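**Q** how does the following fold in three dimensions:
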Amino acid sequence: MRSDRVAGCLSWRGREVVRRFGLAVAVCMALGVVPVVATAGPSAADGSHPALLAYDRGADYDAFSTVIGVPVRDGQALRCSLYRPGRGGSPAEGRFPGIVMDFVPYRLLQDHAFSQSATWFAARGYVVLMCSVRGTGGSPGTWTPFSAQEQRDNVDLIEWLAAQPFSTGKVGQTGESYGGINTYRAAAAHPTHLVAIAPVISWKSPFDEIWYKGGIRSTVFRWWPFATWGLATPEQSAAALAAMAERAAAYETEANAHPTHDAYWQAQDVDIAAVDRSNVAVLGIGGWGDLFPKGMVDNYRGARDQSWLLMFPHAHFELAPGLPGFPPELDHARLAWFDRWLAGRADAPRPASKVTSWEMPRDGGGWRQLPDLPDRPAGEVLQLTGTGALAADSGPPTSLTYTVNPLDTSCACSDRGGYTPPAVATDQQAADRSRVHFDTGPLAAPVVVAGNPEVRLRIALSAADTNVVAHLEDVGPDGRAILMTSGWLRASFRESDVNPAPLEPGRPYDITVRLWPTHWRVPAGHGLRLSVTSSDLNSIEPNAPPGTVTLLVGDGRSTLTVPTIAS
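**A** Numbers count the residues shown, from 1 in each chain. Here you go, the predicted structure:
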C-alpha cells in the first residue's frame, strides 16, 4: 500500500496518522510480515458471488428417508433420521459419501426446517444422518449439553455411518449453532473416518461469548436452555419433559456458580488445538450479525492450516436451514466443500482465498476475498487525546473522567443476540453524549476495518472494580454513529479470566479491551469514533460498582489500534 495513496483518507486531524501507517506497512513488508490486503477480482465488493457460493448441480436422485435407532458404544440407540439417495420410492443402489448433520436437541427443527437441507443433499448423492442428542427428541438417557458423553456419541455416529454397506467410508459433518459446536467437537475427537467439516455459527468459548462477556455476566441469549425444552416433541413422556426442564434450570444455576473461566466452562469450549492436530478439512461458516462472529473467527485462527472461513452478513436464525432469511448460497458452499473432499469432484471449487467475507454494512456491502484475518491487529495506531481526537500525536498528558451509568446501552435491538443486522437501530449519537468518546473526523477516502480492533487504556477507579465497554462506530455526515463492533472487560479480569484480581482505588492500571472482529467499510466523508463507558444493557448486566472512571490520555498512555486493509 502506498502511503501517499492512503494519506488523503483522513481529514487534517488524521492525515499524519495515515502517513505513519504507510511507513509501518513498508517496515512490515521489509520484515516479511505482510499486512492483510484484499484481492481484486470477480468476488470484490461489487455484490457478485464467489464461485464457492454459486456452485450447484442438479439433483440426481429422489430423497428416501426413514427413522432409525443408531447404536452407540454403551448399548443405547439414538433416534435418528436417515436420508438416502432414492429412486422410485426406494434407496438407490450404490455407495455414497455420508454427512452427519445437525446433531442437536432440537427435534422439531430436525423434523421440519432442518430436514430441507438433509433432503437437498440426499438428492445430490449423499447419505445424511440427523440425530437427536442423548436425552432429547426420542433419544434415551440424560441430556448433558456439550459433555464428553455427547462427544463420544457423536464419534460413534460418524463411525457407524462410515461402516454401512451404502457408504463409501468418507464422512463429513455440519450443523448450525448447537450443531456447529458439536461439529467442531467431533473433529477434536479425531474420528477415523471424518474427512471434512462445515461448522456453522459456532462458539469457541461459551463463557466469553454468551455467559460472561469479558468476565461480565451477560444479558444475551440466557433463555437458550428453555427454548430447547420448548422444542420437545409431543410423544415424549412426562418424565422426559420434566428431566429436560430440570436440566435447563440447572444450566442457569451452574452458570451463576461459575463466574470465572474455570474447568466447568473449559470442558464446553471448542478444543480448537485438538482440531488443529487432526487432518480434517474445515470450512467455518459464520455471520457478522450473528451471536458468534468472535467464535467463528477465533476457531478459524486456531486451526488456520486446514481451515477456510466464510462470513455472511446474516444474523443467527437467518443461518439455519428452513428458517426465514436463510441464504441458499450457504448450502451451495457446503455442497462444493463436501463434493471436493468427500465425493472427489475436481470441478467443485475450493474457496478462492482463506477468508471469504461480506464487507459490512449489510446494505451496500459485498463479497471480498481476504488472504487472512490475523490474530493481532496490524494496522493504524491512533492516540486518545485530551481534546477528544483520535490522532497520530497523543498530545500532552491529561485525564478525562466519567460517572458509571448503569442504564447505558448500545441499542434497543439485539444485534449481539443475532436477531437483527448490526446496521439496524444502532445509532449511538445520543448515548455518546454521556460517554467519553474520541473521533478522527471525516475521511477523504474509504477505509476498511477487518479483524479485531484493540483499545489500550490507562485507567484509575474510585472503586475496586468496574466494567469497561468500548464501542467502535461509523459516524456519518448527518451525525449518525452506527455501531461497528464492541468489546467488554471486567477490569479485574485484565490479566486472567480464571484468576481475577481487584484494583486499588485511585491507582492507575493499564488494561486492554479487545473488540469483537468485524469487516466494515467506512465510506469517504464518514469518520471513526471510539466511545468508552461502563454499561451495555443490551449485552451485559449493570453490575459495575458505582463511582467514577478516569481515563489517562495523552503522552501515549491510551491508544486504539484499527486493523485496516486496502479499500
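
**Q** so V381 touches S558, yeah?
**A** No. In this structure V381 lies outside contact range of S558 using Cβ atoms under 8 Å: 11.2 Å. Every residue, glycine included, has its C-beta placed from N, CA and C.

**Q** who's more crowded, these two?
**A** Each of V381 and S558 has its neighbours counted (other Cβ atoms under 10 Å); S558 has more, 24 against 17.

**Q** spatially nearest residue to the more buried one (excluding sequence neighbours)?
**A** L384 (4.1 Å; Cβ to Cβ, 6 or more residues apart in numbering).

**Q** same deal with G94?
**A** In this structure, G94 finds its nearest non-sequential neighbour in F166, 7.3 Å apart by Cβ to Cβ, 6+ apart.

**Q** show me the contacts for that neighbour.
**A** By Cβ atoms under 8 Å, 6 or more residues apart in numbering, the contact set of F166 is 84, 91, 94-96, 127.

**Q** what about A445, which helix or strand?
**A** Counting by DSSP states H and E, there is no helix or strand that carries A445.

**Q** while we're on it, how confident is the model there?
**A** Listed pLDDT for A445 reads 91.

**Q** what about it, distance to A273?
**A** From A445 over to A273 the distance is 41 Å, taken as Cβ to Cβ, to the nearest Å.

**Q** looking at these two, which has the bigger crowd around it?
**A** A445 (16 against 10).

**Q** touching, that one and A524? I think so.
**A** Yes. Using Cβ under 8 Å, A445 is in contact with A524, at 5.1 Å.

**Q** domain ranges for this protein, per the record?
**A** 60-204+270-343, 377-565 (automatic domain parsing).

**Q** could you tell me the least trusted of these?
**A** Averaging pLDDT over each of these puts domain 377-565 lowest, since it has a mean of 91.

**Q** first-to-last residue distance for that one?
**A** The first and final residues of domain 377-565 sit 11 Å from each other (Cα to Cα, to the nearest Å).

**Q** need the per-residue pLDDT for R15.
**A** pLDDT for R15: 35.

**Q** residue most distant from the centroid, this protein?
**A** G88 (42.1 Å; Cα atoms, centre = their mean).

**Q** pull the contacting residues for the closest residue to that residue other than its chain neighbours.
**A** Nearest-residue entry for G88: D62, 7.6 Å, with adjacent residues in sequence omitted and distances by Cβ to Cβ, 6+ apart. By Cβ under 8 Å, 6+ apart, the contact set of D62 is 85-89, 123.

**Q** just the buried subset of the residues you listed, please.
**A** 85-86, 123 (16 or more other Cβ atoms under 10 Å).

**Q** check what contacts whichever strand or helix holds L551 and list those residues.
**A** If you go by DSSP H and E, L551 is part of strand 548-553. Residues from elsewhere that reach strand 548-553 (Cβ under 8 Å, 6+ apart): 383-386, 394-395, 397-404, 436, 457-462, 466, 468, 508, 532, 534, 558.

**Q** do that again at 7 Å, thanks
**A** For strand 548-553, the surrounding residues in contact (Cβ atoms under 7 Å, 6 or more residues apart in numbering) are 384-386, 398-404, 436, 457-462, 466, 508, 532, 534, 558.

**Q** ok, stretch 264-281 next?
**A** In contact with stretch 264-281 (Cβ under 7 Å, 6+ apart) are residues 146, 181, 184-185, 187-188, 190, 194-197, 202-207, 254, 258, 282, 299, 302-303, 306, 341.

**Q** now the terminal residues of that stretch, how far apart.
**A** End-to-end for stretch 264-281, by Cα to Cα: 29 Å.

**Q** mind listing what's buried in that stretch?
**A** Within stretch 264-281, the residues that qualify as buried are 265, 268-272, 274-276, 278, 280-281, counting by 16+ other Cβ under 10 Å.

**Q** same question for stretch 330-347.
**A** Buried residues in stretch 330-347 (16+ other Cβ under 10 Å): 330-343, 345.

**Q** contacts for that stretch next, please.
**A** Taking Cβ under 7 Å, 6+ apart as the rule, stretch 330-347 contacts 52-56, 97, 99, 117, 120, 124-126, 170, 172, 174, 195-196, 198, 281, 283, 285, 310, 319, 321, 348-350.

**Q** report all helices and strands that the helix or strand hosting V155 contacts.
**A** If you go by DSSP H and E, V155 is part of helix 148-163. On a contact count with 3 or more Cβ pairs under 7 Å, 6 or more residues apart in numbering; DSSP states H and E, helix 148-163 meets strand 96-101, strand 127-131, strand 167-176, helix 178-188.

**Q** a markdown table for those, including distance to A77 and mean neighbour count?
**A** Shown next, in a markdown table, are the helices and strands packed on helix 148-163 (distance: least, Cβ to Cβ, whole Å; neighbours: other Cβ atoms under 10 Å):
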| stretch | distance to A77 | mean neighbour count |
| --- | --- | --- |
| strand 96-101 | 16 | 28 |
| strand 127-131 | 10 | 27 |
| strand 167-176 | 18 | 25 |
| helix 178-188 | 18 | 27 |
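
**Q** in CSV: those, plus distance to D497.
**A** Formatted as CSV, the helices and strands packed on helix 148-163 follow (distance: least, Cβ to Cβ, whole Å):
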stretch, distance to D497
strand 96-101, 32
strand 127-131, 34
strand 167-176, 27
helix 178-188, 19
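
**Q** and of these, who's closest to K354?
**A** Closest to K354 of those, according to Cβ to Cβ: helix 178-188, at 17.8 Å.
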